[in-house]
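>>> Pasting a predicted model and its sequence here:
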Amino acid sequence: MENLRELVYIINQNRTNHIELLNTKKHSKSKVNKLFSAISKGEVDTDEEAFHLLYPDADSKSAFNNLKAKLREKLLNTLFFIDPYQANHSDRQVSFFEAHKDYAAAQILLAKNAYKSAVEILKKLLKKCEHYEFTELSLMISRTLCLHYSTQIGDEKRYNYYDKKRTTFERTASLEGKAERYYSQLILKFVNKKSPKPHLAKQAALFCEELIPELKKCTSYKFHLFTALIRLFQYTCANDYSATLPICAEVIDFFKKKPFAANTPIQLCYHHQLVAYIQLEDYDKARQVAELSQQLTQEGTFNWFNNLEYLFLLAMHTSRFQEAYQLFSTAIEHPRFSFLPEYVQQMWEIYHAYLHLMIDLDQVKMAEEDVNFTPFRIQRFLNSIPLYSKDKQGMNIAILIVQILFYLQKGKYDLSIDRIETIEKYCSRYLMTPETIRSYYFIKLLLVIPQEGFHRTAVERHTKKYWDKLRGVSSEFSQQFHKIEIIPYELLWEITLGMLGQTRVKIRRQK
């Protein structure tokens, strides 16, 4: 059902009236159209719901499975008639859609022995692909034309012409493939875990040594994009965010000189600048590049959600909690949110917990009709984030902290003591590294709270040593400061102290 829901969303967002393969106007009572309509309106989300809606009296699902297959086939056929100009696509994106459609048409014509028509399409298409630097498609077209002019026509001059192009495309495709493979190998380690991995900076440096000398020889879009991402990774992995800024400026300048709109690499560089400025706590510049980045993203895309996430973090870091709440709602209420990878959705669950805390502290005014913030349940929260609960030097730190703060805010001191005691060993085992030392000191602050009977003045007096140490560690060199510290620890500690009273609390522990 997940695949069908995604296809239905794409078709509904990009409908065309020129050719209607999925006929929702005629025969509207057909089960195919009923299933399409039910998915479109959000009436069904699972196979079980759709089955019971359309076949309430059936025992076997064979007819339902056939119906799903039929709808899927119609949706896929309709994809070819989507008008790319209806959406807010750049000229390169529009050309990408059209080029692949034309290439598919040419291949069908070749299979039907319509060589003249196919070759005419491919020759024109190759010019477009060269202009927009679609290397892989250019390579496939040049191979087909080489084969045509050698085996079908016997034209040596034209064969040599396209063979020369093929050789150039093969070299470019090889470099692009290498850069893409290297970047995939690096980023794979960070998708589900945000814990420090400084050894990868050395690996990235080795990749850069191999790729950077080729940049002047190969100016292709894809090669420069992935090489730039590896160069940036080399420094972000080592927490050297200042070093990423000149690289971003260089890459933006390179892609702005392209004869087409290279929105994606430029947006990615603005996004990296946004991350760097948040990490460096230069929030004014962060807001400026965030706006530039958002202008280049298409609503509902992965990069759009990614940029929205950092706008949320920027708001949280600058105490603009109401704005963060609005950004959160924009993200999770978007129809495409449910199609995001699991690790992305779970990250938003962690943000949800921190926002919930701000609502309980009257720092955020929740909309009356908002159904996303039902009473907070710790166990339900933990069940929703299995990936990050295992990320001991990464997001699990933020998860542990927000649990303790909820117990303190609710006055459940016995439960807060239990949770604080469990993290004492965790603190010395996982957080005694330069990259996580800020988290170490913050948890040390939390450990003092039950020792001093939840008495604010006593806690402030006995935490001065760790408070001074925390403030003495720059966030610039803290691993994933911008994510793990969803609210900067200096601000979060002030919020924590505000939960404490001036009366000592004695807790009788059960033996």
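Great, that's in hand.

>>> Which residue, other than its chain neighbours, is closest to Glu176?
In space, and not counting its chain neighbours, Glu176 is closest to Lys222: 4.3 Å by CB to CB, 6 or more residues apart in numbering. Bear in mind the C-beta positions are built from the backbone N, C-alpha and C, glycine included.

>>> show me what contacts the residue of the chain most remote from its centre?
Taking CA atoms, centre = their mean, the residue of the chain most remote from its mean C-alpha position is Gly154, at 50.4 Å. Counting by CB atoms under 8 Å, 6 or more residues apart in numbering, Gly154 touches no other residue.

>>> Just give me the residue right at the centre of this structure.
Nearest to the mean C-alpha position of the chain, by CA atoms, centre = their mean, lies Asn306 at 4.5 Å.

>>> In the chain, what helix or strand scores lowest on average pLDDT?
helix 481-484 (a mean of 70; mean pLDDT, DSSP states H and E).

>>> and the following helix or strand past that one, C-alpha only, in CSV?
For helix 481-484, the succeeding helix or strand toward the C-terminus, using DSSP states H and E, is helix 489-498. The C-alpha trace of helix 489-498 is given here as CSV (Å, rounded to 0.1, in the frame of the first residue of the first chain):
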residue,chain,number,x,y,z
TYR,A,489,22.8,23.2,26.9
GLU,A,490,23.4,26.7,28.4
LEU,A,491,19.7,27.6,27.6
LEU,A,492,18.5,24.1,28.5
TRP,A,493,20.2,24.4,32.0
GLU,A,494,18.4,27.7,32.7
ILE,A,495,15.1,26.0,31.7
THR,A,496,16.0,23.0,34.0
LEU,A,497,16.7,25.3,37.0
GLY,A,498,13.4,27.0,36.4
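
>>> related to what we said a few turns ago, give me the pLDDT for the residue nearest to the centre of the chain.
pLDDT for Asn306: 92.

>>> so it touches Leu268, yeah?
No. With contact defined as CB atoms under 8 Å, Asn306 does not count as touching Leu268 (9.3 Å).

>>> quick one, longest helix in this protein?
helix 156-187 (DSSP state H).

>>> how about it: buried residues?
For helix 156-187, the neighbour count (16 or more other CB atoms under 10 Å) marks 158-159, 162-163, 165-166, 168-169, 171-173, 175-176, 178-180, 182-183, 186 as buried.

>>> thinking again about what came up before, to what extent is the residue nearest to Glu176 buried, counted in neighbours?
20 (other CB atoms under 10 Å).

>>> That one is in what secondary structure piece?
Assigned by DSSP H and E, Lys222 belongs to helix 221-236.

>>> Return the distance of that helix from the chain's centre.
17 Å (CA atoms, centre = their mean, to the nearest Å).

>>> And for stretch 124-142?
Here the centre of mass of C-alpha atoms in stretch 124-142, compared against the chain's by CA atoms, centre = their mean, lies 29 Å away.

>>> next one: stretch 283-298
For stretch 283-298, the distance to the chain centre is 16 Å (CA atoms, centre = their mean).

>>> Run through who's touching that stretch.
Contacts of stretch 283-298 (CB under 8 Å, 6+ apart): 87-89, 263-264, 266-267, 270-271, 273-274, 277-278, 303-304, 307-308, 310-311, 314, 317-318.

>>> low-confidence ranges in this protein?
Scanning the chain for pLDDT under 70 picks out the ranges 14-28, 86-87, 192-196, 391-393, 476-482, 508-511.

>>> hang on, isn't Val251 packed against Cys269?
Yes. Contact criterion CB under 8 Å: Val251 and Cys269 qualify, at 5.0 Å.

>>> Report the spatially nearest residue to Ser138, omitting neighbours in sequence.
Cys129 (4.3 Å).

>>> Next: Thr457.
Gln502 (6.4 Å).

>>> what about the one you found, neighbour count?
9.

>>> The nearest residue to Lys365 once chain neighbours are set aside - how many residues pack around it?
Nearest residue to Lys365, sequence neighbours excluded (CB to CB, 6+ apart): Gln322, at 6.6 Å. For Gln322, the neighbour count with other CB under 10 Å is 14.
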